[in-house]
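J.: structure, please.
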Amino acid sequence: MIAALALVALTIMVVVALVVALGPRWRPSPIATWPTGRHSVTLGLNTIVVAHHEDVDWAGLRAGLDAAHANVLSLSAGRVEWTAFDWPEHPGAAALPGTDHLAWALQELGTLPDGTPRLPALTIDALVPNWILEDPSVAGHRVDGTPSVYAPSATAIQTGPVGQRYVDYAVELATRYKPMQIVFTELRFDDETFGADDLALFRQMTGAADWPRDAAGQVDQASPEIARWRSEVISGLLQRVRTALDGVAGEVGHRVELGIDVRVDWDDPAAGRPEAGHDYRMLSAVADRLELWAYFGTDGRDPDDVGALAAGLAPVLAPHQYTISVGLWSGTAADAVVPPAELAAAVGAAGDAGSVSTNVTPGSLMSPAHWESLAGVWTQWPT
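T.: Take a look at the predicted model:
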């Protein structure tokens, strides 16, 4: 009898130890349809990837989300080289191995007060600095030949291993967590698409013999041809992800939405930012939603401009095709934060202008006063 009790006790200890080490098992509830109206606050890896999950104020986060009537749980899933869980196919990629940090967050925050699911939206960061350190061949290059520290080349995305890893990670997230949505962030181009590999790709995709050049013979980096090509590369990747997600819809149990964070043109919102690869018309033909970086605090704008941004999208995007993502960063100082009153004003302006889906980011900058201000604007559950 004593031996039997000892065995039971040992078994319980082992199970508890495994739960602590690996994280709770997330069991998503079935959802028939996704709501058009959405409120969310993005929680990054610095919030959910921690050594001791009992040290996270889950109750406080849950209370803040509930008070703000946030029906979507927006979580960072990390990068393909820096994941929020142990990815069996790439065991060295975990940001903090041994625990499924996404499962912890989903278990703690993934249920609304009425017992229904807070719908998961998982974000993939497309930057690959560690990969570039290990394999410089995947890096994008500027016109002067300088390699990017963070961004892959267009070729590495279009035909190389980086793009395929993006696709694989999206499928892993879909089958593992069965989210409502998967979103790509930092999937954009600055000035790092001018390496020899990308010139060859540009020639192949456009039929051009060379980069567009100005009267002085320099590469015309502002050429619409380059902008269009960049958008084609990104939309092509999204199409591959869409096809892969559709291929596992049966296993997942539903169609997973696909989104992408995009830059904005404050002066002409409908124009998008094609030079970054963000042609809104092209991307919205593949992605379910474009998540607009309405980071007014770092762009020298004010809360009213967020409303003007949302209103200006009407020629190219219907309300169900976009999310206004209000940033909490302010100015250039790393610790500067948009004041709570301005956050409330920006979120309110977006809603007044027709945004039915609004996000606030990052959650790590939300003070109690920010949560209170947000709850004062989002006073009911969206539908």
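
J.: centre-most residue in this structure?
T.: Centroid check for the chain by Cα atoms, centre = their mean gives residue 123 as the closest residue, at 3.1 Å.

J.: what comes up buried for the host helix or strand of that residue?
T.: Assigned by DSSP states H and E, residue 123 belongs to strand 119-125. For strand 119-125, a neighbour-count test (16 or more other Cβ atoms under 10 Å) marks 119-125 as buried. C-beta: built from backbone N, CA, C; applies to glycine.

J.: if you count contacts, what does it end up packed against?
T.: strand 38-43, strand 72-79, helix 161-177, strand 181-185 (3 or more Cβ pairs under 8 Å, 6 or more residues apart in numbering; DSSP states H and E).

J.: which parts of the stretch 151-300 of the chain are helices?
T.: Here the stretch 151-300 of the chain has its helices, by DSSP state H, counting those that start in this stretch, at 154-158, 161-177, 196-206, 224-247, 249-252, 280-284.

J.: direction included, what does the strand holding residue 123 pair against?
T.: When sheet partners are counted by DSSP bridges, strand 119-125 sits next to strand 72-79 (parallel), strand 181-185 (parallel).

J.: and the contacts of that strand?
T.: Under the criterion Cβ atoms under 8 Å, 6 or more residues apart in numbering, residues 28, 31, 34-35, 38, 40, 42, 71-80, 82, 102, 106, 110, 166, 169-170, 173, 177-186, 259, 261 lie in contact with strand 119-125.

J.: hmm, back to that, closest one to residue 265 among the strands paired with strand 119-125?
T.: strand 181-185 (18.3 Å; Cβ to Cβ).

J.: that closest one versus helix 161-177: what angle between them?
T.: If you take axes from the mean of the first three to the mean of the last three Cα atoms, to 10 degrees, strand 181-185 sits at 150 degrees to helix 161-177.

J.: put the alpha carbons of strand 181-185 into CSV.
T.: The C-alpha trace of strand 181-185 is given here as CSV (Å, rounded to 0.1, in the frame of the first residue of the first chain):
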residue,chain,number,x,y,z
GLN,A,181,-4.7,34.5,-37.6
ILE,A,182,-1.0,34.5,-38.5
VAL,A,183,0.6,37.9,-39.1
PHE,A,184,4.0,38.7,-40.6
THR,A,185,5.8,41.8,-39.2
